[in-house]
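**Student:** give me a 3D structure for the following:
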Amino acid sequence: MEKKEWYLEYEIQYNRPGLLGDISSLLGMLAINIITINGVENSHRGMLLLCKNEEQIDRLKSIVKTMDTIKITKLRRPKLRDTLAVRHGRYIHSDVDDRKTFRFIREDLGLLVDFLAELFMKEGHKLVGIRGMPRVGKTESIVASSVCANKRWLFVSSTLLKQTIRSQLIEDEYSEDTLYIIDGIVSTRRANEKHWQLVREIMRLPATKVVEHPDIFVQESEYKMEDFDYIIELRNTEDEEIKYDTVEKPQLSPNDGFSMFDF
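**Tutor:** I've put the predicted structure just below:
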């Protein structure tokens, strides 16, 4: 029988020397292997486990119920957030009102890159929006995640080095393995109809698209926030407010420091 992975998370009720060793011994007696273990925020510890059947998990659950030192908070087949929590020692936080919105701060860039890379590795159409103030690391995180996911990335519109606005692609740039990056402000405020024809064409491809500044993007296009599969919010600090009045400019001026790449 093929072994299956499980995610165990427990809260330490009474910490004492040797507690982790006792839990590891209990798992060993139940023939449950530990793949990875890490602390995940406050007094919680997470484990990725491997076992042959669900009966072993049921026995583990019933034994732990009799223990006063730990309390099981999660015991399930691992989700992406569980795997990353064990890997990085902290949970990815989602918005209370919108479960497809995930929040990160700049010191979590490693966690963000891993999270995006896992999303990018999934096949088919995905539309991801990223909110954040200038120079917080949005574009850099997207590119790094593309590398981790072994995907080719392509800027449809961007201001990373010089302002880029594409109005056409060459044949080998149309690919399900290409990740298309769109700057919502550049596309809506500084591009022409030919560029938008390309954007619409890309949106129909069974590939991953990432839109920076998605709120501006939907304000001045036919697309809606409901079209996005995931929304990422990246801040310098947890209490930073993401505002667009400092990044919105109606057109390029000679003092902007950008030059135009228009293909």
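
**Student:** ok, now how distant is the nearest residue to Met225 once chain neighbours are set aside from Lys224?
**Tutor:** In this structure, Met225 finds its nearest non-sequential neighbour in Val218, 5.6 Å apart by Cβ to Cβ, 6 or more residues apart in numbering. Glycine gets a C-beta too; all of them are placed from N, C-alpha and C. Distance, Val218 to Lys224, by Cβ to Cβ, to the nearest Å: 6 Å.

**Student:** wait, the residue nearest to Met225 sits on Glu226?
**Tutor:** No: look at Val218 against Glu226 with Cβ atoms under 8 Å: they stay out of range, at 9.2 Å.

**Student:** and the two? Which one has more around it.
**Tutor:** Taking other Cβ atoms under 10 Å, Val218 and Glu226 do not tie; Val218 has more neighbours (19 against 7).

**Student:** residue boundaries of the helices in the chain?
**Tutor:** Assigned helices in the chain, in chain order: 19-29, 54-64, 80-88, 109-120, 138-148, 184-190, 193-203, 214-219 (criterion: DSSP state H).

**Student:** would you mind giving those helices as TSV with distance to Leu48 added?
**Tutor:** Shown next, in TSV, are these (distance: least, Cβ to Cβ, whole Å):
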stretch	distance to Leu48
helix 19-29	12
helix 54-64	13
helix 80-88	5
helix 109-120	15
helix 138-148	19
helix 184-190	37
helix 193-203	36
helix 214-219	33
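
**Student:** out of those, flag the one nearest Arg45.
**Tutor:** Closest of those to Arg45 is helix 19-29, at 7.6 Å (criterion: Cβ to Cβ).

**Student:** which other helices and strands contact the closest one?
**Tutor:** Counting contacts by 3 or more Cβ pairs under 8 Å, 6 or more residues apart in numbering; DSSP states H and E, helix 19-29 is packed against strand 33-39, helix 54-64.

**Student:** redo these as TSV? Include distance to Tyr91.
**Tutor:** Formatted as TSV, these follow (distance: least, Cβ to Cβ, whole Å):
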stretch	distance to Tyr91
strand 33-39	11
helix 54-64	21
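
**Student:** for Arg106, find the nearest of the ones you listed.
**Tutor:** Using Cβ to Cβ, those put strand 33-39 closest to Arg106, at 21.7 Å.

**Student:** what's the spacing between that closest one and its chain's center?
**Tutor:** How far strand 33-39 lies from its chain's middle: 22 Å, per Cα atoms, centre = their mean, to the nearest Å.

**Student:** alpha carbons only: can I get that strand in PDB?
**Tutor:** What follows is strand 33-39, C-alpha atoms only, in PDB (Å, rounded to 0.1, in the frame of the first residue of the first chain):
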ATOM      1  CA  ASN A  33       7.400   8.400   9.800                       C
ATOM      2  CA  ILE A  34       8.300  12.100  10.400                       C
ATOM      3  CA  ILE A  35       9.200  13.900   7.100                       C
ATOM      4  CA  THR A  36       9.700  17.400   8.400                       C
ATOM      5  CA  ILE A  37       9.200  19.100  11.800                       C
ATOM      6  CA  ASN A  38       9.300  22.800  12.800                       C
ATOM      7  CA  GLY A  39       7.800  25.300  15.100                       C
END
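
**Student:** in the stretch 151-263 of the chain, what residue spans correspond to strands?
**Tutor:** Using DSSP state E, counting those that start in this stretch, the strands of the stretch 151-263 of the chain run over 152-155, 157-158, 163-165, 178-183, 208-212, 230-235, 260-262.
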